[in-house]
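# missing the sequence, but the structure's below:
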């Protein structure tokens, strides 16, 4: 194999490692922020549900809303079904 071919392989490996490093940094940041994001989602959901149930914003079954269903599913996934975790 020529020196030029080795050089291209080395450059490709360098780019792949740089990309992997950037992805790792992103994952670390997400994991670091996860507890705060989960707590914020739970507070927001609790306040939203309380507002709807108060009747001040009208009357409907908040538990049937897709955004509430998705938020509860995300909380359940993050806490392994133990919603009391990570408050």
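Good, I have the coordinates. This one's a predicted model, so the numbers in the text were calculated from it and none came from an experiment.

# Buried residues of stretch 23-35, list them for me.
Neighbour counts over stretch 23-35 (16 or more other C-beta atoms under 10 Å) mark no residue as buried. Heads up, the C-betas are built off the backbone N, CA and C, glycines and all.

# And residue 71, how close does it get to residue 44?
Distance from residue 71 to residue 44, counting by C-beta to C-beta, to the nearest Å: 8 Å.

# Give me the more crowded residue out of those two.
Taking other C-beta atoms under 10 Å, residue 71 and residue 44 do not tie; residue 71 has more neighbours (17 against 11).

# Name the helix or strand for the more buried one, please.
Element membership of residue 71, judged by DSSP states H and E, is helix 66-78.

# For that helix, which helices and strands make contact with it?
Under the contact definition 3 or more C-beta pairs under 8 Å, 6 or more residues apart in numbering; DSSP states H and E, helix 66-78 sits against helix 3-54.

# Between helix 66-78 and the helix it packs on, find me the angle.
Per axes from the mean of the first three to the mean of the last three C-alpha atoms, to 10 degrees, the angle that helix 3-54 makes with helix 66-78 is 120 degrees.

# centre of the chain versus helix 3-54, how much separation?
8 Å (C-alpha atoms, centre = their mean, to the nearest Å).

# For that helix, give the mean pLDDT please.
The average pLDDT within helix 3-54 is 95.

# tell me what it is packed against?
Counting contacts by 3+ C-beta pairs under 8 Å, 6+ apart, helix 3-54 is packed against helix 66-78.

# avg pLDDT for the helix it packs on?
Averaging pLDDT along helix 66-78 gives 96.

# Give me the buried positions along it.
68, 71, 72, 75, 78.

# Surely the last one and residue 36 touch.
To tie it back to what came earlier, the one meant is residue 78. No: using C-beta atoms under 8 Å, residue 78 is not in contact with residue 36; the gap is 11.9 Å.

# Of the buried residues of helix 66-78, which is the nearest to residue 3?
Among these, residue 78 lies closest to residue 3 (C-beta to C-beta), at 51.0 Å.

# Spatially nearest residue to the closest one, not counting backbone neighbours?
residue 38 (5.1 Å; C-beta to C-beta, 6 or more residues apart in numbering).

# is it true that that neighbour touches residue 82?
No: the pair residue 38 / residue 82 is not scored as a contact, 11.9 Å apart, by C-beta under 8 Å.
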